[in-house]
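Trainee: generate coordinates for the sequence data below:
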Amino acid sequence: AMVMNMAVSNPKKHLAQKLAIYIDQERFDLASSLETPIRQFGVYEDDKVKYAMAYTYLKQGNYDYSLNLLKEIKNEKLISKSVKLMDLVQECKASDWECYGTL
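Mentor: Numbers count the residues shown, from 1 in each chain. Sure, this is the predicted structure:
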């Protein structure tokens, strides 16, 4: 998948695919390392990317940043999923020891 992703010339699509691959492999450290290029190339215009990054930051314990991304989601199809993830983020933020290793 990574080799095929290198052939993608559109930087937005390339970054979104790379993010999806990292999350699928549960390589959240690599996923979060894409933050700067995702911002630079405007990939956050896609609410699916915001949701994916919010999940990444939740998994890393960065609850405030995760919440901020989730609050920005406007896509009607993702709003209900975002609200559920926000509830989980709030629970983990309140007692992160309960979330450790269970997500």
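
Trainee: show me the shaky parts of this protein.
Mentor: Regions of the chain meeting the criterion pLDDT under 70 cover residues 1-8, 100-103.

Trainee: now do the helices in it.
Mentor: Using DSSP state H, the helices of the chain run over 2-6, 11-24, 28-32, 35-40, 47-59, 63-71, 76-94, 96-99.

Trainee: what's near enough to touch the most centrally placed residue in the chain?
Mentor: When C-alpha atoms, centre = their mean is applied to the chain, the residue found nearest the centroid is M53 (1.3 Å). Contacts of M53 were listed using C-beta atoms under 8 Å, 6 or more residues apart in numbering, and they are L19, A31, S32, E35, I38, Y44, L69. In this view, the C-beta of every residue, glycine as well, is placed from N, C-alpha and C.

Trainee: for K81, state which of those residues is nearest.
Mentor: Within those, proximity to K81 (C-beta to C-beta) peaks at L69, which comes in at 12.8 Å.

Trainee: what sits closest to that closest one if chain neighbours are left out?
Mentor: Spatially, and ignoring its direct neighbours in sequence, L69 is nearest to A54 (4.0 Å; C-beta to C-beta, 6 or more residues apart in numbering).

Trainee: what's the burial count for that neighbour?
Mentor: 25 (other C-beta atoms under 10 Å).

Trainee: quick one: it and S66 touch, right?
Mentor: Yes - counting by C-beta atoms under 8 Å, A54 touches S66, with 4.6 Å between them.

Trainee: which residues do the two both contact?
Mentor: Applying C-beta under 8 Å, 6+ apart, one finds that A54 and S66 are jointly contacted by L85, V89.

Trainee: just to revisit the earlier point, buried deepest among the helices of the chain, which one?
Mentor: Mean neighbour count (mean count of other C-beta atoms under 10 Å) peaks for helix 47-59 among the helices of the chain, with a mean of 21.

Trainee: tell me the angle of that one relative to helix 11-24?
Mentor: Between helix 47-59 and helix 11-24, the angle comes out at 40 degrees (axes from the mean of the first three to the mean of the last three C-alpha atoms, to 10 degrees).
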